[in-house]
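> Return atomic coordinates for the entry below.
(one chain, ligands or ions: 2)
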Amino acid sequence: MSSASLSSLNSGWIVQKFGGTSVGKFSKEIAINIVKKYNENNSIAVVCSARSTQTKSEGTTTRLLLSAELAIDDKEEEFKNTLKLIKDDHIKNANLNINDKSLRDDLIDDTINEINEVERLLDACCIIGEISPKSLDTIMSCGEKLSCLFMTALLNDNNVNAKYINLSNIINDLDYDNNSNLTNNERSLDPFFYKQLSKKIADEINKLDYGIVPVLTGFFGPVPGGLLNSVGRGYTDLCAAVCAVGLFANELQIWKEVDGIFTADPRKVKSARLLKSVTPDEAAELTYYGSEVIHPFTMEQVINARIPIRIKNVINPNGEGTIIYPDNISKKGELTPPHPPVSLDTLPKDYFNKQKLKIPTAVTAKSDISVVNIHSNKKTLSHGFLANVFGTLDKHKTVVDLISTSEVHVSMAVNYTKERRKSFIMVIEELKKYGAVDVTYDLSIVSLVGIHMKQLIGTAGSMFKILADEQINIEMISQGANEINISCVISKDNVIKALNALHDKLLLHPFQNTNKCLSFSNDSNGPIDHRIEELRLSE
Ligand SMILES: Nc1ncnc2c1ncn2[C@@H]1O[C@H](COP(=O)(O)OP(=O)(O)O)[C@@H](O)[C@H]1O
Ligand SMILES: N[C@@H](CC(=O)OP(=O)(O)O)C(=O)O
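Ligands and ions are numbered 1, 2, ... in the order given. Okay, the predicted model is just below:
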């Protein structure tokens, strides 16, 4: 490819997504140190989530969902109080941060109008006692509208020409592929859907004059079946990804309050180190198993378009962050994959020794786990037994994180929190129709994640020996089908001890402390792992 055609791949766009807690706590830093700065040399599109002042569980989206629940239960006063909390919080925020009077007054008016609209909708729900997925989506969309109205005002207040773009009606007139056999629900998230959605978002942005920063609501919907049901919380990552694809962006940046992806949660493991890069599969596994770095649906969209994802820190914008990208595909605008063939003359002397430095990439833990064991009463054939168990779980929307099964016995690790108590008890009662059920509470899943674990022999053995040496009992064991995840369930009280021991012995000093039990299968002649190399050389 000529350099001319390479440069034509440079669209100039960078899509920046800011999470709810970042918008809540660091909005000025985002506007001045990040968007304004990047906008000097790139075209920036901003995607925001609903504002959270402290944690996501106390944020605007959570409050909106709570107000909907209260309305269905006919608790009019409570739902109105919850909406008032949202309104007061946003008005206070506008008064605190927007200096220009007319920008501030407009923002407060828009905020009140949006909340009033939600209130009208919930009044109706209160009367009929139910809410459709579409209405719930509409209510949820208010969070992203409010935060983007605010960020747009804040950018303009700081001399960045920004324009609010509401994506909450963008899906209404998508064409569906009439040749497809899929149901409406399945169709909503198929490649055809994503292609049209990314084009529509890009069209909206391209309507703006050059130099204007679009501020897009991370809520895009309503998706048939409901955004909450089909994508789940954290949907703004996916929205930013689809936007990046539509704009053919050079990079998708997901801004958080952490420097990037670490070898373990830095709050729990003090020796955790920042990883320069991880693959999309690793990022998805880490997210599923407790390190919520990025929504797992995000990766496919951008990686297919060969756009790298960078995780960066709003409090440390100059840091390099972590790149999420496959290590065997060249990025958009690059001729070769990240590990091009190397000439033997240029290889360092210890090249082949370093091959042995491949180790798991990260260790992670997921809390609020219970293990449910079902011993079949043998009234159904074994295939019927499993079908019944899964049918029950499906009916109650219970997600199984790990499973191990024989013909007549199933053990499942499921997420259980006090808030889900009612539906959890219903699931257990229903499962009792198919056999004896016992439940162990207060557990956590600990997982080792890494693409090189496919080629490593002995990781599972080392993992379990390390836990045994720490006197930690293992309730359940499972290896993911993609072989890049080994997980086990332990008591929640042992999580910090387990994470630190595994991190220290398998990720920091893998060959000193495990009786050299990590080795490689014959097909391990891959390239040097630059990510780990950097880690190891700095030992
Ligand atoms: N392996 C990991 N690497 C980085 N952060 C991790 C990891 N595991 C867990 N975390 C935690 O995930 C959180 C993600 O960052 P944060 O910006 O707070 O999330 P959000 O964008 O959802 O508000 C951090 O608080 C961090 O402690
Ligand atoms: N506001 C939504 C969507 C979202 O993506 O949130 P965040 O970017 O803060 O994870 C939620 O809380 O689920």
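
> Around ligand 2, which positions in the stretch 401-539 of the chain sit nearby?
By Cβ under 6 Å from any ligand atom, no residue of the stretch 401-539 of the chain approaches ligand 2. (Glycine included, C-beta is placed from N, CA and C.)

> quick one, helices of the stretch 401-539 of the chain?
Assigned by DSSP state H, counting those that start in this stretch, the helices in the stretch 401-539 of the chain fall at 421-431, 459-469, 495-502, 530-537.

> Also the stretch 51-200 of the chain?
In chain order, the stretch 51-200 of the chain shows helices spanning 60-72, 76-97, 101-128, 133-157, 184-188, 191-206, with DSSP H, counting those that start in this stretch as the criterion.

> got the contact list for the nearest residue to residue 66 once chain neighbours are set aside?
Nearest residue to residue 66 in three dimensions, chain neighbours excluded: residue 82, at 5.6 Å (Cβ to Cβ, 6 or more residues apart in numbering). Shown in contact with residue 82 (Cβ atoms under 8 Å, 6 or more residues apart in numbering): 63, 66-67, 70.

> got a winner among those residues for most neighbours?
residue 67 (25 neighbours; other Cβ atoms under 10 Å).

> Now do the same contact list for it.
So residue 67 contacts 79, 82-83, 86, 118, 122, 139 (Cβ under 8 Å, 6+ apart).

> Swap in 10 Å and give it another go.
With contact set as Cβ atoms under 10 Å, 6 or more residues apart in numbering, residue 67 has these partners: 75, 78-86, 118-119, 122, 125, 139, 142.

> Those, buried ones only, as a ChimeraX selection?
This is how ChimeraX selects the buried members of the contacts of residue 67, with burial counted by 16 or more other Cβ atoms under 10 Å:
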select :79,80,82,83,86,118,119,122,125,139,142
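
> out of the contacts of residue 67, which one sits closest to residue 245?
residue 142 (26.2 Å; Cβ to Cβ).

> quick one, which of the helices of the stretch 401-539 of the chain is packed in tightest?
Among the helices of the stretch 401-539 of the chain, ranked by average contacts under mean count of other Cβ atoms under 10 Å, first place goes to helix 495-502 (a mean of 19).

> Among the helices of the stretch 51-200 of the chain, which comes closest to ligand 1?
helix 60-72 (11.4 Å; Cβ to the nearest ligand atom).

> If you compare the directions of that closest one and helix 76-97, what angle comes out?
In terms of direction (axes from the mean of the first three to the mean of the last three Cα atoms, to 10 degrees), helix 60-72 departs from helix 76-97 by 160 degrees.

> Report how many residues lie close to residue 433.
Neighbours of residue 433 using other Cβ under 10 Å come to 12.

> What of residue 366?
Neighbourhood size, residue 366 [other Cβ under 10 Å]: 22.

> Give the helix, strand or coil label for it.
Under DSSP: H, G, I helix; E, B strand; the rest coil, residue 366 falls in the strand class.

> And stretch 148-156, how far out from the chain middle?
For stretch 148-156, the separation from the chain centroid amounts to 25 Å (computed by Cα atoms, centre = their mean, to the nearest Å).

> tell me the contacts of the residue nearest the centre of the chain?
Nearest to the geometric centre of the chain sits residue 295, at 2.1 Å (Cα atoms, centre = their mean). Residue 295 makes contact with 231-241, 254, 283-284, 287, according to Cβ under 10 Å, 6+ apart.

> In helices, which of those residues fall?
Residues of these located in helices (DSSP state H): 235-241, 283-284, 287.

> Which of those lies at the shortest distance from residue 19?
Nearest to residue 19 out of the ones in helices among the contacts of residue 295 is residue 236 (Cβ to Cβ; 7.4 Å).

> Contacts only, for the closest residue to that closest one other than its chain neighbours.
Distance criterion Cβ to Cβ, 6+ apart; nearest residue to residue 236, sequence neighbours excluded, is residue 218 at 2.6 Å. By Cβ under 10 Å, 6+ apart, residue 218 lies in contact with 17-20, 46-50, 141, 143-144, 147-148, 167, 234-240, 243.

> ok, which of these also contact ligand 2?
Among the contacts of residue 218, proximity to ligand 2 is found for 19-20, 49-50, 143, 234-237 (Cβ under 6 Å from any ligand atom).

> Show the buried residues in these.
Buried by 16+ other Cβ under 10 Å: 19-20, 49-50, 143, 234-237, out of the ones next to ligand 2 among the contacts of residue 218.

> filter those residues down to the ones close to ligand 1.
Among those, the ones lying near ligand 1 by Cβ under 6 Å from any ligand atom are residue 19.

> Nearest to ligand 1 among the buried ones among the ones next to ligand 2 among the contacts of residue 218?
Nearest to ligand 1 among these is residue 19, at 3.2 Å by Cβ to the nearest ligand atom.

> My guess is the closest one contacts residue 237. True?
Yes: between residue 19 and residue 237 there is a contact under Cβ atoms under 10 Å: 8.5 Å.

> Touching both of those two, which residues are there?
49, 218, 254.

> So which of those residues are in strands?
Assigned to strands by DSSP state E, the following of those qualify: residue 254.

> buried sites along stretch 22-30?
Residues 22-27, 30 are the ones in stretch 22-30 that count as buried (16+ other Cβ under 10 Å).

> want to throw these into JSON lines with secondary structure, distance to ligand 1 and pLDDT?
Listed next are these as JSON lines, based on DSSP: H, G, I helix; E, B strand; the rest coil; distance: Cβ to the nearest ligand atom, whole Å; pLDDT from 0 to 100:
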{"residue": "22", "secondary structure": "helix", "distance to ligand 1": "6", "pLDDT": "96"}
{"residue": "23", "secondary structure": "helix", "distance to ligand 1": "10", "pLDDT": "97"}
{"residue": "24", "secondary structure": "helix", "distance to ligand 1": "9", "pLDDT": "97"}
{"residue": "25", "secondary structure": "helix", "distance to ligand 1": "9", "pLDDT": "96"}
{"residue": "26", "secondary structure": "coil", "distance to ligand 1": "10", "pLDDT": "97"}
{"residue": "27", "secondary structure": "helix", "distance to ligand 1": "14", "pLDDT": "98"}
{"residue": "30", "secondary structure": "helix", "distance to ligand 1": "12", "pLDDT": "98"}
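
> Can you tell me how far residue 269 is from residue 316?
19 Å (Cβ to Cβ, to the nearest Å).

> Those two - which one has more neighbours?
Neighbours were counted for residue 269 and for residue 316 using other Cβ under 10 Å; residue 269 has more, 23 against 14.

> Doesn't the more buried one lie inside a strand?
No: in this structure, residue 269 is coil, not part of a strand, as judged by three-state DSSP.

> do you know how far it is from ligand 1?
Using Cβ to the nearest ligand atom, to the nearest Å, residue 269 is found at 9 Å from ligand 1.

> does residue 464 really touch residue 473, like I thought?
No: when contacts are counted by Cβ under 10 Å, residue 464 is not listed as touching residue 473 (11.0 Å).

> Quick check: neighbours shared by those two?
Here residue 464 and residue 473 have no joint contacts, going by Cβ under 10 Å, 6+ apart.

> Might you report the residue contacts of residue 46?
If you count contacts by Cβ under 10 Å, 6+ apart, residue 46 has them with 14-18, 30-31, 34-35, 38-39, 148, 151-152, 155, 160, 162, 165, 213-216, 218, 240, 243, 255.

> what pairs with it across the strands?
Counting by DSSP bridges, residue 46 forms beta bridges with residue 16, residue 215.
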